[in-house]
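Undergrad: can't give you the sequence, but here's the structure:
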């Protein structure tokens, strides 16, 4: 049918009817007038599935590597053979230790019918274990493996199949972690065997609560059986540590798209070439968090259990869907593996100036570690976990995990802008219609979090490595309000405060904490360290001496009174202090010594009111200040009694110096 120019239409070739009785419409170009050109060849597809297949271009998620060339491998294999090897490896990971068999694993989502015909042709390759006990119905089913999916694919899985998953106005994926909105450190267990009995830190003050091999295997079997019972599981094969010589291969098997996307962001993403040669992982996580542990299993005290077996290089999660358990579980593993290589593993943020000066930021959640290490004037190496090797520092992770409570564009623009498509937002509250997030709303929890790839920070240094640190900054959120905003530390004082790890535990970071509470966490990360704190301290002392590193204590907590009466030190003031440390100007300031703690505090810092530099000036009630100061000093002394029986270094000299560096009264 064509227009005759008068608004009327005529049928081409006089044919008034087409297939199924509908008129056949034809457009014609008249003269020099512009007409739509639909002369492109037809798409060669017989079904909608075939049409969809033409939309897709095969790829793999990767971490960008700036300034480096991809590795070319001499041996190449077909994609089919590579898939077969991957599935065999995953089947071996998911093998039941009791029944000595793994599931019949296949690639793809069972909801996509187009994947179904592929199943029968590959079954014989994937199911390579012979059951030793009578076959149950579960051995007849397929477990579909969703392998290293991209963020877009994981969004589709989450929004379609997981309640509480929504896309926010900035494009981030909002998720819910269930009843647990923080870590459960009292439910973490480590297998105590012949090796770990002597290697690890056990007893008073230690985070390592023991379990035996049998109880671990009971929980492992429970987790694996649960994962094998599902129609599909998510599998991430990724790396830890940007130092190529000390990289660790990890595999995460989980039941939720949220968990897969979280780990996609937090671990280092392999290139397609690296994925082809990934092979057997060095460590495997079985996240069956939706399923509880059996409370009658020996060593269990609740329906939640996070279990580490260092000999088997495995971790099992039951009874909690909080994603942070996976991140910190792997960090604990690195705290065990790296020191064995004479590499210091650190719970710290890290950034680098344009002149190559590196700073380490130590601090627990809520002290400002992520905020202060994310500085648009400096390159971000990482926000939370690092290694200090013979050649310098390297980030363990491939992403950042930032607290979101009261987040604002003005105070933290880099973090604000990083919460976009691909980022995961945990337990936040948003407007039902606009999907705009209210970061001040604590309805679900105060421990709202965002996980995003490190390259979402515009000034991230890729690869995430740097030279030896110039400054070590210990951050404390002092709820008592008696520590100075900044103090310069000598080596012994740095070790004392590093081992003490004082801060205020901010509400929501751990399960059951409702308000800030004074706490001591050895090495600013006692929940994750595996060896005795003095072993990490001895390594830190050795490296600081060797490379001329300066130690600082920075209080990001309260001033003018304790929590509830005083006010938290303003972030712009803390930033000015940090800037002065980076520039080196604070080294040249005039200092005076405080009583009791014997800290060297500057009399002046550019951009910071001088009266707040000495905390006694900010308290109107001087007697209350002195009482509070003595109370905190007593808490420090009592806490450090745990560590006085351990020698640091080859002789005991450093131990005596460190003890003398504590509060004296």
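TA: Alright, I've got the coordinates. A quick note: this is a predicted structure, and the numbers were derived from the prediction, not measured.

Undergrad: for this protein, what helix or strand is lowest in average pLDDT?
TA: Ranked by mean pLDDT, DSSP states H and E, the weakest helix or strand in the chain is helix 117-126, scoring a mean of 34.

Undergrad: give the next helix or strand downstream of that helix.
TA: Next in sequence after helix 117-126, counting helices and strands by DSSP states H and E, comes strand 142-147.

Undergrad: helices or strands up against that next one?
TA: helix 79-93, strand 104-107, strand 232-240 (3 or more CB pairs under 8 Å, 6 or more residues apart in numbering; DSSP states H and E). C-beta coordinates here come from the backbone N, C-alpha and C atoms, glycine included.

Undergrad: now it: mean pLDDT?
TA: On average, the pLDDT along strand 142-147 is 92.

Undergrad: I'd like the distance between residue 597 and residue 497.
TA: Distance, residue 597 to residue 497, using CB to CB, to the nearest Å: 9 Å.

Undergrad: how about residue 311?
TA: In this view, residue 311 and residue 497 are 34 Å apart by CB to CB.

Undergrad: of those two, who's got more company?
TA: Between residue 311 and residue 497, counting by other CB atoms under 10 Å, residue 497 is the more crowded of the two (26 against 12).

Undergrad: need the contact list for that one.
TA: For residue 497, the contact set (CB atoms under 8 Å, 6 or more residues apart in numbering) comprises 474, 476, 489, 551, 553.

Undergrad: burial of the closest residue to the fourth one other than its chain neighbours, as a residue count?
TA: So that's residue 551. In space, residue 551 comes closest to residue 494 once its chain neighbours are excluded; the distance is 3.2 Å by CB to CB, 6 or more residues apart in numbering. Using other CB under 10 Å, residue 494 has 25 other residues around it.

Undergrad: kindly report the same for residue 503.
TA: Applying other CB under 10 Å, I find that residue 503 has 28 neighbouring residues.

Undergrad: and the pLDDT for it?
TA: Note on residue 503: pLDDT of 89.

Undergrad: mind checking the SS state of it?
TA: strand (DSSP: H, G, I helix; E, B strand; the rest coil).

Undergrad: that one pairs with what?
TA: residue 519 (DSSP bridges).

Undergrad: dump the residue contacts of it.
TA: Counting by CB under 8 Å, 6+ apart, residue 503 has contacts 363, 364, 366, 367, 475, 476, 477, 478, 519, 521, 524, 557.

Undergrad: hmm, which of the residues you listed is lowest in pLDDT?
TA: Scanning the contacts of residue 503 for pLDDT, the low point is residue 366. It has 76.

Undergrad: how many neighbouring residues does that residue have?
TA: 24.

Undergrad: low pLDDT regions in the stretch 51-200 of the chain?
TA: Applying pLDDT under 70 to the stretch 51-200 of the chain flags the ranges 51-61, 66-76, 113-140.

Undergrad: and for the stretch 451-600 of the chain?
TA: 505-516.

Undergrad: quick one: the helices in it?
TA: Using DSSP state H, counting those that start in this stretch, the helices of the stretch 451-600 of the chain run over 491-500, 533-547, 571-583.

Undergrad: from those, which stretch is densest packed?
TA: Ranked by mean neighbour count, the helices of the stretch 451-600 of the chain are led by helix 491-500 with a mean of 23 (mean count of other CB atoms under 10 Å).

Undergrad: tell me the angle it makes with helix 533-547.
TA: Helix 491-500 and helix 533-547 meet at an angle of 150 degrees, taking axes from the mean of the first three to the mean of the last three CA atoms, to 10 degrees as the criterion.

Undergrad: relative to the whole chain's centre, how far out is helix 491-500?
TA: Relative to the mean C-alpha coordinate of its chain, helix 491-500 is positioned 27 Å out (CA atoms, centre = their mean, to the nearest Å).

Undergrad: same question for stretch 211-220.
TA: Using CA atoms, centre = their mean, the offset of stretch 211-220 from its chain centre is 26 Å.

Undergrad: buried ones in it?
TA: Under the neighbour-count criterion of 16 or more other CB atoms under 10 Å, stretch 211-220 has 211, 215, 216, 217, 218, 219, 220 buried.

Undergrad: list of residues touching it?
TA: With CB under 8 Å, 6+ apart as the criterion, stretch 211-220 contacts 97, 189-193, 286, 293-294, 297-300, 305, 307, 309, 312, 314, 316, 318.

Undergrad: coming back round to it: need the helices and strands packed on strand 142-147 in CSV (columns: mean neighbour count and distance to residue 257).
TA: Supplementary listing: these in CSV, determined by neighbours: other CB atoms under 10 Å; distance: least, CB to CB, whole Å:
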stretch, mean neighbour count, distance to residue 257
helix 79-93, 17, 17
strand 104-107, 22, 16
strand 232-240, 24, 6
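
Undergrad: redo these as CSV? Include distance to residue 168.
TA: Below are the helices and strands packed on strand 142-147 laid out as CSV (distance: least, CB to CB, whole Å):
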stretch, distance to residue 168
helix 79-93, 32
strand 104-107, 30
strand 232-240, 22
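
Undergrad: how about the helices of the stretch 451-600 of the chain in a markdown table, adding distance to residue 271?
TA: Formatted as a markdown table, the helices of the stretch 451-600 of the chain follow (distance: least, CB to CB, whole Å):
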| stretch | distance to residue 271 |
| --- | --- |
| helix 491-500 | 37 |
| helix 533-547 | 31 |
| helix 571-583 | 33 |
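
Undergrad: tell me which of those lies nearest to residue 636.
TA: Nearest of the helices of the stretch 451-600 of the chain to residue 636, taken as CB to CB: helix 491-500 at 6.1 Å.

Undergrad: any chance of the contacts of residue 497 in TSV with distance to residue 458 and neighbour count as columns?
TA: Shown next, in TSV, are the contacts of residue 497 (distance: CB to CB, whole Å; neighbours: other CB atoms under 10 Å):
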residue	distance to residue 458	neighbour count
474	28	26
476	29	23
489	32	21
551	30	24
553	30	28
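
Undergrad: need the max-distance pair from the residues you listed.
TA: Farthest apart among the contacts of residue 497 - using CB to CB - are 476 and 551, which lie 12.9 Å from each other.

Undergrad: any chance you could map the helices in the stretch 301-450 of the chain?
TA: Counting by DSSP H, counting those that start in this stretch, the helices of the stretch 301-450 of the chain are 324-337, 369-373, 413-418.

Undergrad: show residues contacting the last one.
TA: Which is helix 413-418. Applying CB under 8 Å, 6+ apart, the external contacts of helix 413-418 come out as 370-371, 374, 376, 400, 402, 407-409, 450, 452, 456-459.

Undergrad: what are the buried residues along it?
TA: Using 16+ other CB under 10 Å as the test for burial, helix 413-418 gives 414, 415, 416, 418.

Undergrad: pretty sure residue 339 sits against residue 539.
TA: Yes - assessed by CB atoms under 8 Å, residue 339 is found in contact with residue 539 at 6.9 Å.
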